[in-house]
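In: here is a sequence together with a model predicted from it:
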Amino acid sequence: MLLPTGLHRLVIEDGRFRNIVPESSDNKAVTVESGTHAESWNATGLVYLPTFADMHCHLDKHHIGERWFPLEPFQTLEKHLAYEKRLLSELKQPVRERAKLLVEQMLDYGTTRIRTHVDVDPEVGLRNLEAVLYVKEELRDEMDIEIVAFPQQGLLRSSSEQIVKDALALGADLVGGVDPAGLDGDMERSLQCMFDLATLTGKGIDLHLHDGGETGLATMRRFAELTMESGLRERTAVSHAYCLGEMTDADVQPILDILKDAGVSLISSVPIDRPMPRGYQILDTGVNFMLGSDNIRDAWSPFGNGDMLQRASRLAERENWVSDERLLGTYQWVSTGNLIPAEGDPADFLLVRAINAQHAVASVPTRAAVFKKGMRVR
């Protein structure tokens, strides 16, 4: 198979790469060994890519497998939250079945790591979380799933502090929140509540931030300060952060600097209908940046399919990254590993029919095979 460094034969043992051998021909280029048993795959003409990570999705709220729901245009956040509740009540499949359906679709596209936000509030309770935890366990050998306890209706607005705490005790991995100023109506109290929950339970935080302008920047500044004060460096993230794309480079740079110092990650779904953090500025500053699908055919959008290679391609095209260096650099924000594997690395990878890795991100070819821990899962 083709790596950025040329043709190689990969030998896998106990779920890791044992040998990575340069070859003049790529016949029988993948070998998996287990004890005395060995199995080989012919990877002629295929390009190696690390598997993908979708760092922002909602396994419990999509409509895949359901009838088509004509959507209403967004008006206000409060109205759309009520609209979403109504649509979710009309879905026929239980959350467990729908969540598994989307996980399997993502696996088909080569994703083996997911961070999913799962709704919890006094009305929903913990039932969505219980369903996703079941799927997480059922598919643990194929997909790594990280769960955010997400009070979609607002942490304070829906009085969800206790249910989020209960969700963390049950098995959720991170505290969620949404628009501390715009939805909860009290930025400081909302953020303090999130960080109190995180420090009390030893968890991280992933905040949905749609608030724009100076309100958004002020929220991010305070979020970074609280991250450092709480000792949660490298364990918090802000999703969306549209304000970073709305303001000038000069306005945004001080916020990016404090995010870098605090180890706060940024997560974007690469929207095409609104501003987003500017890729070149994030690269120059060195803030950790990740991509996710966010809405996949749900009450917010009829679009999306969970293909993270397609999402990376959209980012590169949006940023006008046409050089080989920039195209290859896009993988760092959607991948679980490196484009050039090393001996001892986990054997999580996929194969695509393309000229090379940069052609793959530009053309988004069909996945030929997906491997997790050295075993073919798709």
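Out: Received, thanks. This one's a predicted model, so the numbers in the text were calculated from it and none came from an experiment. Residues are numbered from 1 along each chain as shown.
In: show me what the helix or strand that contains A99 is packed up against.
Out: Counting by DSSP states H and E, the element that carries A99 is helix 95-108. Counting contacts by 3 or more CB pairs under 8 Å, 6 or more residues apart in numbering; DSSP states H and E, helix 95-108 is packed against strand 52-57, strand 111-119, helix 127-138, strand 367-372. All C-beta atoms are positioned from the backbone trio N, CA, C, and that covers glycine.
In: one more time with 6 Å, if that's ok
Out: helix 127-138 (3 or more CB pairs under 6 Å, 6 or more residues apart in numbering; DSSP states H and E).
In: got a list of contacts for the helix or strand following the helix it packs on?
Out: Following helix 127-138 in sequence order, the next helix or strand is strand 144-150 (DSSP H and E). With contact meaning CB atoms under 6 Å, 6 or more residues apart in numbering, strand 144-150 is reached by 113-120, 136, 164, 167-168, 172-174, 176, 206.
In: list the buried residues of the helix holding A99.
Out: Buried residues in helix 95-108, counted by 16 or more other CB atoms under 10 Å: 95-96, 98-108.
In: what separates L283 from L259, distance-wise?
Out: L283 sits at a distance of 14 Å from L259 (criterion: CB to CB, to the nearest Å).
In: so those two - more neighbours on which side?
Out: L259 (28 against 16; other CB atoms under 10 Å).
In: using the three-state scheme, assign the more buried one.
Out: helix (DSSP: H, G, I helix; E, B strand; the rest coil).
In: for stretch 317-331, the distance to its chain's centre please.
Out: 19 Å (CA atoms, centre = their mean, to the nearest Å).
In: can you give me the buried ones in that stretch?
Out: E319, W321, R326, L327, L328, G329, T330, Y331.
In: list the contacts of the residue sitting nearest the centre point of the chain.
Out: With distances taken as CA atoms, centre = their mean, the residue of the chain nearest its centroid is M55 (1.2 Å). Contacts for M55 were tallied using CB under 6 Å, 6+ apart; they are R115, I267, M290, G292.
In: of those, which belong to strands?
Out: The strands, defined by DSSP state E, take in R115, I267, M290 from the contacts of M55.
In: how about the buried residues of stretch 317-331 in JSON lines, adding pLDDT?
Out: Compiled in JSON lines, the buried residues of stretch 317-331 are given as follows (pLDDT from 0 to 100):
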{"residue": "E319", "pLDDT": "95"}
{"residue": "W321", "pLDDT": "96"}
{"residue": "R326", "pLDDT": "95"}
{"residue": "L327", "pLDDT": "96"}
{"residue": "L328", "pLDDT": "96"}
{"residue": "G329", "pLDDT": "95"}
{"residue": "T330", "pLDDT": "96"}
{"residue": "Y331", "pLDDT": "96"}
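In: tabulate those residues in a markdown table, adding columns for distance to P271 and secondary structure.
Out: Compiled in a markdown table, those are given as follows (distance: CB to CB, whole Å; DSSP: H, G, I helix; E, B strand; the rest coil):
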| residue | distance to P271 | secondary structure |
| --- | --- | --- |
| E319 | 13 | coil |
| W321 | 17 | coil |
| R326 | 20 | helix |
| L327 | 21 | helix |
| L328 | 24 | helix |
| G329 | 21 | helix |
| T330 | 17 | helix |
| Y331 | 20 | helix |
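In: which stretches of the stretch 1-150 of the chain have low pLDDT?
Out: Applying pLDDT under 70 to the stretch 1-150 of the chain flags residues 25-29, 32-38.
In: swap in 90 and give it another go.
Out: For the stretch 1-150 of the chain, applying pLDDT under 90 flags the ranges 1-2, 4-5, 8-9, 21-45, 73-79, 81.
In: end to end, how far does stretch 262-282 reach?
Out: One end of stretch 262-282 sits 15 Å from the other (CA to CA, to the nearest Å).
In: got a list of contacts for that stretch?
Out: 55-56, 224, 227-228, 233-234, 236-239, 241-242, 244-246, 287-290, 292, 294, 311, 314-315, 319.
In: how about the buried residues of helix 95-108 in a markdown table, adding distance to G65?
Out: As requested, the buried residues of helix 95-108 are exported to a markdown table (distance: CB to CB, whole Å):
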| residue | distance to G65 |
| --- | --- |
| V95 | 12 |
| R96 | 12 |
| R98 | 6 |
| A99 | 11 |
| K100 | 10 |
| L101 | 5 |
| L102 | 9 |
| V103 | 12 |
| E104 | 11 |
| Q105 | 10 |
| M106 | 14 |
| L107 | 16 |
| D108 | 14 |
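In: tell me the two of the residues you listed that are most distant?
Out: V95 and D108 (20.5 Å; CB to CB).
In: please consider this matter closed, and thank you.
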